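S.K.: coords please:
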Amino acid sequence: SRGDATVYAVRAGGKEARAFVRADSPIEELRDLVKFDFAAMDSWFEEDEEIYTHARDPYTRVDILASSRHVRVEIDGVTVAETTNARLLFETGLPTRYYLPKTAVRQDLLEASDTESHCPYKGTASYYSATIDGVRHDDIAWYYNTPLPESQKVAGLVAFYDEKVDTFVDGVRQPRPKTKFA
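M.R.: Numbering: from 1, shown residues only. Purely as a prediction, here's the structure:
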């Protein structure tokens, strides 16, 4: 649907990767662009700063605010986290995420997972799975041990997929958001 591509080789430092040009694309906006295979490159830079996962969108914001609101997280009716010392992360296009101190999370219910994900705004996330009454919930929570500089406020804090848990803020159950993570 984007048209045929001409494939070019990008060579540097004794390595080679592919680039694609769709000069005759039916989508006019694509005709003068070059698409690089992001994963095939050793690294990407925006000015002198390395970027991860994909280039940052200039219209996306990530704001992290301290909150004394009472946040409680339940899985299958069992409280797995509770605090009045959360950080609320607001990211364009995503629901509010509640990052909680590890001391407020029931570590006895969590098990570290091998899963990692990468975000160009926050860095590399590691995951926890939870087992509640014999039922395993894979990769239901995540944390950033060493987030990127602009997201340092969530370092070492734990967030849960609000799409998969019951989150209460000041005693009010929040609706489960409908996202690709549901």
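
S.K.: any idea how far the residue of the chain positioned farthest from its centre lies from A9?
M.R.: Computed with CA atoms, centre = their mean, the residue of the chain farthest from its C-alpha average is D24, at 35.2 Å. Distance, D24 to A9, by CB to CB, to the nearest Å: 20 Å. The C-beta positions use only the backbone N, C-alpha and C, and glycine is treated the same way.

S.K.: excluding its backbone neighbours, what's nearest the residue farthest from the centre of the chain?
M.R.: Excluding the flanking residues, the one nearest D24 by CB to CB, 6 or more residues apart in numbering is G3, at 5.4 Å.

S.K.: are we agreed that that neighbour is in a helix?
M.R.: No. Applying DSSP: H, G, I helix; E, B strand; the rest coil, one finds G3 to be coil, outside a helix.

S.K.: distance across stretch 142-153, terminal residue to terminal residue?
M.R.: 15 Å (CA to CA, to the nearest Å).

S.K.: next, the buried residues of that stretch.
M.R.: Burial within stretch 142-153, assessed by neighbour count using 16 or more other CB atoms under 10 Å, is assigned to 142-144, 147-148, 151, 153.

S.K.: so what's the spatially most central residue of the chain closest to, chain neighbours aside?
M.R.: The centre of the chain sits closest to C119, judged by CA atoms, centre = their mean, with a distance of 5.0 Å. Excluding the flanking residues, the one nearest C119 by CB to CB, 6+ apart is T53, at 6.2 Å.

S.K.: thought that neighbour was touching H118?
M.R.: Yes. Between T53 and H118 there is a contact at 4.2 Å, judged by CB atoms under 8 Å.

S.K.: which of these two has more neighbours?
M.R.: A direct count of neighbours by other CB atoms under 10 Å for T53 and H118 places T53 higher, at 16 against 11.

S.K.: backbone dihedrals for that one, both of them.
M.R.: The phi and psi torsions at T53 (degrees, to the nearest 10) take the values phi 70, psi -60.

S.K.: distance check, it against R106.
M.R.: 30 Å.
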